[in-house]
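Q: The following block contains a protein sequence and its predicted model.
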Amino acid sequence: MKGKVGAPGSYFLLNTGARIPAIGLGTWQSGGDLCVEAVKIAISAGYRHIDCAHLYGNEIEVGEALATAFKGSLKREDLFLTSKLFCTMNSLNKIENSVRVSLKNLGVSYLDLYLMHWPDSSAFGDATDPPIKSGNERRQFLNRLKTTWKAMEDLVGLGLVRAIGVSNFGIQQIKELLKFAKIVPAVNQVELHPFWRQDELVKFCQSKGIHVSAHTPLGVPASGAGSSNIGSGEDDEPGTPRIAFRRSRSVHDPMLKLSAVAEIANRHKRTPEQVILRWGLQRGTSVLPCNVRPDRIRRNIDIFNWSLSDDEWNCLNQIEPQVCLFGQVPLNKSNVSDSGFMSGAAPLQAVYEMEDDVESISQLRF
């Protein structure tokens, strides 16, 4: 299933030969009973990919929902489960233990996909909140990347995970990894949406046989600072962080309010969310929208059996400026170092005053 040519199916083929569902439920910022119910509803609505992470603090809740589903007709092999390693400074020798904690919390014997959550190491951070580190510490971690990836590869040999990959990696970081990797990453899960297309990264990954998944494919609704102790966290490693992201702006509302998106949605009798998710599929990327509202969970998966026209596709590929969630300005070569790391941008702070620019952006037409 590639790009806008042809009718996308319900899955993509990974370089391992496994099939990854084209859409999955993201569980970031979902906790407690809401998380349990969201996963149950998603499975009943037809979702077959649940995207998790130890750092989200809710894998026990996800596991509770899975246990209920497995009591019915659903089998473990019917689901694609992803989790992520958050590599703290003192956990490189505990990678096997980390995946076993996730397996225990989820109540399963293996993961379909296990990702390095960030190409950086820190005791602090969040799902889309890159750890803040000095240039020296970043270089130190790049030197240790080989050790980390070797341990990830060993997990495949142990049968604990079926595939391994990365998350939030840029082109240069993947190039560094490919220099020594015996197993090429199956997936790179990154921020992707019309306001942050990352065209070069997507093309590079696809040229290397690395599938690209979109976390936050609809942006993230605005939120204030605060604690993110949303899950049970009963089996966390000591010192596991629960740091909430901080930002005053969000690309979520401005993106959904674009007149161009609204016109496409009206023409197809779809929601703006469905239009944007469909755009992601037609790029050849799987999408992982996060939501706990039953109606939206059900609507978001209704992105098959219709497609965007060439004109509609081109329209959504022309939105400028490009703005990522974790930065104060659009990224360009001047604020990305040779190692691939951003500089001069605090995590998830104001997103380039996007909400102030809604009026000008809404003039986009096709």
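A: In hand now; what should we look at? These figures come from a predicted structure and were not determined experimentally.
Q: Now do the contacts for residue 291.
A: Residues near residue 291 by CB atoms under 8 Å, 6 or more residues apart in numbering: 25, 38, 297, 300. Quick note: C-beta positions are derived from backbone N, CA and C, even for glycine.
Q: In strands, which of those residues appear?
A: Applying DSSP state E to the contacts of residue 291, the entries found in strands are residue 25.
Q: Nearest to residue 287 among the contacts of residue 291?
A: residue 300 (8.5 Å; CB to CB).
Q: Confirm for me that the closest one is in contact with residue 277.
A: Yes: Residue 300 is within contact range of residue 277, at 6.2 Å (criterion: CB atoms under 8 Å).
Q: Tell me the residues that contact both of those two, please.
A: By CB under 8 Å, 6+ apart, the residues touching both residue 300 and residue 277 are 23, 289.
Q: that older thread, pick out the most distant pair among the contacts of residue 291.
A: Once CB to CB is applied, the contacts of residue 291 give 38 and 300 as the farthest pair, at 11.4 Å.
Q: of these two, who's got more company?
A: Neighbours were counted for residue 38 and for residue 300 using other CB atoms under 10 Å; residue 38 has more, 28 against 25.
Q: From residue 282, how far out is the more buried one?
A: Distance from residue 38 to residue 282, counting by CB to CB, to the nearest Å: 26 Å.
Q: go on, residue 18?
A: 22 Å.
Q: More neighbours: which of these two?
A: With neighbours defined as other CB under 10 Å, residue 18 and residue 282 compare such that residue 282 has more, 22 against 15.
Q: how about TSV for the contacts of residue 291, with pLDDT and distance to residue 116 added?
A: Below are these laid out as TSV (pLDDT from 0 to 100; distance: CB to CB, whole Å):
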residue	pLDDT	distance to residue 116
25	97	21
38	96	25
297	96	28
300	96	27
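Q: Excluding chain neighbours, what is closest to residue 21?
A: residue 49 (3.9 Å; CB to CB, 6 or more residues apart in numbering).
Q: Name the residues linked to that neighbour by a beta bridge.
A: Assessed by DSSP bridges, residue 49 has beta-bridge partners residue 80.
Q: Contact partners for it?
A: Shown in contact with residue 49 (CB under 8 Å, 6+ apart): 20-21, 23-25, 79-82, 286, 288.
Q: ok, residue 84 to residue 268 distance?
A: In terms of CB to CB, residue 84 sits 34 Å off from residue 268.
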